[in-house]
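# Predicted model and sequence below, questions to follow.
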Amino acid sequence: MITTLPKTSRQASTALIPSSRHLLDVDSLSSDQIQDLVDTAREFRDLRASTRYKSDILRGTSIYTLFFENSTRTRVSFEHAGKALGADVINISAATSSVNKGESLLNTALTLDSMGVDALVIRHAHSGASHFVSRHVNATVINAGDGAHAHPTQALLDVMTLEAEIGNIRGAKLAMIGDILYSRVARSDIIAFRKMGVEISIAAPPTLLPNGWTAGTNSLNVPDSEVTVHESVEDAVSDADAIMCLRLQLERQTAGLLPDVNEYSRVWGINNQRLALAKPDAPVMHPGPMNEGLEISTEVAHGGRSLVTTQVQNGVAMRMAVLEHFCAAIG
Amino acid sequence: MREQSQPIVIRNGRVIDPSQGFDAIADVVVIGSAVVSIESPGTTELSDGWTEFNAKGKIVAPGFIDLHTHLRTPGQEWKEDPKTASDAAVRGGFTTICAMPNTYPAQDNASVVDALLQRCASEADVRVRLIGAITKAREGHELAPMHELADAGVIGFSDDGDPVMSAHLMRQALAYSSDLDLPVINHAEDRGLVSEWDMNEGPVATHLGLKGIPNSAESMMIARDIVLARMTNGRLHIPHVSTAESVEIIRRAKSDSINVTAEVTPHHLALTQEWVYGEYGEVPNTLTPNAYATNAKMAPPLRAEADRQALIDGLSDGTIDTIGTDHAPHADTDKICTFTEAANGIIGLETALALTVGIAGIGIETVIERFTVGPSAILNDATIGTLRPGMPADITIIDPNAEWQVTSATLGSKSRNTPLLDANVKPRVDATFVNGTKIWDANENGAADA
């Protein structure tokens, strides 16, 4: 039982006026808002590094994580973040909820909303699930990943991680390698990094690129989402300031999109030879979970230029910033 | 169907009857259940017991025919039944609707068809024709008894939303029915190319992370079916054409004198994939909670603007013969869910004119033609879709300038799954006569101007 809370000088940020009370995607965030969240997250990161940080910023706030898909880092980091800020966090997994009895997403969300929850953190396999729930509940909805659409907190922590590593990211070149078509991380990362002025070079099997994307400039049908698609991973990583390696879903092979995961590794995997084409000291990120030895080689995944564990650490800090920002206004 | 007693003169309307090439201000005289004559305006004296309908400023047209309605009866009466489908029809100006066989049980034998026709005769105010299944239980394995169904009165054959995937079976269906002179209507969607999808493959699907289905899933199967129609001398009707490539393939088939007709829906003429953003077709700067609009989900999906333009061109040059609504009622639970979970389809009878004339901007003369002589030719029935003397008095009166708001109250359907919900639209159907009886009158029914 905690009897005293460590005092900190941090107060809930009031600099940010949310344009929406929900965090459904990164499209709706301005570059200033992204920067503010990154700055706030860095403060939290530093506080956590220097003390056993526990605050009461969100004391009395109830946060439910509602996960319809498996997750380790996202769910745990939201829980950790909420508890570090003093919120009451309850985790609901679809496997052990009434969803198993056939309750619809809407009725599940309405049930939880009726309990007086302040924020629902939702992960769902269907694109737009968080948008749908946000139409019907009083609670603030935080999207923790919806289908192939968006994973805003991942994108925010990726921006934070890269900025902390290389400093000013405006004008930097980020090579993004792998499955764009089915990846919510790719979509949110593209939009967030583009908003922050990062140039993005992409390489992927043509079967894992969105419809109509070919070598050259492509976009996600939203302003400032232009990326450059390259025909080879070597071209994409050449002179890159950083590399983002995306997860390969193993079911893409059985779906006929890839002949063989070993061929994928040989043609598109990030290894030391390819890393050497990037700028000296260019870091490598991966949103996890990794297929180590497939899209990323062991020596890169655990090498000196890997930011994978930093991303996880920053994930907790960024989710603290997000919860503080989107829940503090509730109080 | 109700019986008409009083003779009525519909006065001073702009009478548009493509079956006679007629377009002028005139009076339409109806006695009993039939049109008696079209007279110069003001020349018909009212006799004792006659009534008149002032149609000044309005358009008077033959009652519309819809070749593509979903009755949901039997089996899903919570979505629609013959009475509510009829209510929806008359509010949209339709006096004949042709129901797809995706009922439970399917319309795949005479006894099921007989029972539904009887029920419609007693419950619906409009004429209801039925389309029989191509295959037993619409399962795509064995042909349904097509002669038995034809004898029972079906006007064509379709497995509705389930394409006949087997080229072998489609060949047999076209060949076997070629003596019946009834169209085989095959939903063109090659599920071998894409088995699971949410919306049109394109930039909006890319942005929203939804699974796309490309145009070629439709045009490939239309091309196959046209080749089979040529091979068998069968009669092919292509429902809800949605892509530019499909229009081009059908245009070529018609120039080759292959026995093929085609239909387009009001929504594919008027709306595009951007409607999935949920902002009435606008592309928002950032997504709103209205995004992933399930009332913009249907099969085939709303396509790109270039496709929409090609469909309008195809309608204009006669490549596409008829407009069919694909009226597909669904309960709230089928639509208030994630986009991926949502059922395909929207209601379409009430909003057919709003979409084609009001939103797509297609000339009302063309729209009337493709809702009257277009379908009546496919039905081989010259008694409907016309105001020729002696024919049943199925008449639609349209106020081209009246707006109305699409709400649960103004819709006749049991369902309200339309992307136009809450929108103000025009034109408005002011009155609809079936067999000489006024079934719908917007002014009497409280559908006041918006």
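Noted; the coordinates are in hand.
# Might one say that A:Asn218 is in contact with A:Gly212?
Yes - under the criterion of CB atoms under 8 Å, A:Asn218 makes contact with A:Gly212 at 7.5 Å. (Glycine included, C-beta is placed from N, CA and C.)
# Looking at these two, which has the bigger crowd around it?
More crowded of A:Asn218 and A:Gly212, by other CB atoms under 10 Å in any protein chain shown: A:Asn218, with 21 against 12.
# Identify the residues contacting that one.
By CB atoms under 8 Å, 6 or more residues apart in numbering or on different chains, the contact list for A:Asn218 reads A:202, A:209-210, A:212, A:226-229.
# Mind listing the residues bridging to it?
Taking DSSP bridges as the rule, A:Asn218 bridges to A:Val227.
# Could I get the pLDDT score of it?
Looking at A:Asn218, its pLDDT stands at 96.
# Repeat that for the one 10 residues further on.
Predicted confidence (pLDDT) for A:Thr228: 98.
# That one: how many residues sit nearby?
Using other CB under 10 Å: A:Thr228 sits among 17 other residues.
# Assign a three-state SS to the residue nearest to it when sequence neighbours are not counted, would you?
Setting aside the residues directly before and after it, A:Thr228 is nearest to A:Ser201 in space (CB to CB, 6 or more residues apart in numbering or on different chains), at 5.2 Å. In three-state terms, and counting by DSSP: H, G, I helix; E, B strand; the rest coil, A:Ser201 is strand.
# got the contact list for A:Ser201?
A:173-176, A:227-228, A:230, A:235-237, A:240.
# And B:Asp162, by the same measure?
B:102, B:138-140, B:187.
# which two in those residues are spaced the farthest apart?
B:Glu139 and B:His187 (13.9 Å; CB to CB).
# what about the two, which has more around it?
B:His187 (20 against 13).
# and the more buried one, helix, strand or coil?
coil.
# Name the nearest residue to it, ignoring sequence neighbours.
Leaving out its chain neighbours, the residue that sits closest to B:His187 by CB to CB, 6+ apart is B:Pro163, at 4.6 Å.
# From B:Ile320, how far out is that neighbour?
Counting by CB to CB, to the nearest Å, the separation of B:Pro163 from B:Ile320 is 19 Å.
# neighbour-wise, which of these two wins?
B:Ile320 (26 against 22).
# Wait, the residue nearest to B:His187 touches B:Glu189, no?
Yes - taking contacts as CB under 8 Å, B:Pro163 lies within contact range of B:Glu189: 5.0 Å.
# low-scoring stretches of the stretch 51-200 of chain A, by residue?
By pLDDT under 70, the stretch 51-200 of chain A has no low-scoring segment.
# Show me which residues of it are close to chain B?
Residues of the stretch 51-200 of chain A found near chain B (CB under 8 Å from any CB of the partner chain) are A:104-106, A:124, A:126-129, A:131-132, A:134-135, A:146-150, A:184, A:187.
# Cross these against strands and list the overlap.
With DSSP state E as the criterion, strands contain A:124, A:146 from among these.
# For ChimeraX, what selects the buried ones among the residues of the stretch 51-200 of chain A next to chain B?
Command for ChimeraX that selects the buried part of those, burial taken from 16 or more other CB atoms under 10 Å in any protein chain shown:
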select /A:105,106,124,126,127,128,129,131,132,134,135,146,147,148,149,150,184,187
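# Show me the residues of the stretch 51-200 of chain A next to chain B that map onto helices.
A:105-106, A:129, A:131-132, A:134, A:184, A:187 (DSSP state H).
# related to what we said a few turns ago, can you flag the buried ones in the contacts of A:Ser201?
Using 16+ other CB under 10 Å as the burial test, those include A:173-176, A:227-228, A:230, A:235-237, A:240 as buried.
# Specify which member of those residues is nearest to chain B.
Each of those was checked against chain B using CB to the nearest CB; the closest is A:Val227, at 11.7 Å.
# Can you spell out the domain ranges of chain B, please?
Under the assignment automatic domain parsing, the domains of chain B span B:8-60+B:391-441, B:63-378.
# Could you export the ones you listed as CSV, including distance to A:Thr161?
As requested, the domains of chain B are arranged in CSV below (distance: least, CB to CB, whole Å):
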stretch, distance to A:Thr161
domain B:8-60+B:391-441, 41
domain B:63-378, 23
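# most tightly surrounded among those domains?
Highest mean neighbour count among the domains of chain B (mean count of other CB atoms under 10 Å in any protein chain shown): domain B:63-378, with a mean of 22.
# what sits against the residue nearest to B:Ile65 when sequence neighbours are not counted?
In this structure, B:Ile65 finds its nearest non-sequential neighbour in B:Pro375, 4.0 Å apart by CB to CB, 6+ apart. Counting by CB under 8 Å, 6+ apart, B:Pro375 touches B:65-67, B:96, B:98, B:321-322, B:324, B:385.
# Wasn't B:Asp114 part of a strand?
No - counting by three-state DSSP, one finds B:Asp114 to be helix, located in no strand.
# tell me the contacts of it?
By CB under 8 Å, 6+ apart, the contact list for B:Asp114 reads B:Ala152.
# Distance of it relative to B:His70?
20 Å.
# before we move on, what about A:Gly128?
For A:Gly128, the distance to B:His70 - CB to CB - is 25 Å.
# likewise B:Lys79?
Relative to B:His70, and taking CB to CB, B:Lys79 is found at 8 Å.
# same question, A:Ser297
Plainly put, A:Ser297 is 55 Å away from B:His70 if you go by CB to CB.
# ok, the closest residue to A:Ser232 other than its chain neighbours to A:Ile177 distance?
Of all residues not flanking A:Ser232 in the chain, A:Ala203 sits nearest, at 6.2 Å (CB to CB, 6+ apart). In this view, A:Ala203 and A:Ile177 are 5 Å apart by CB to CB.
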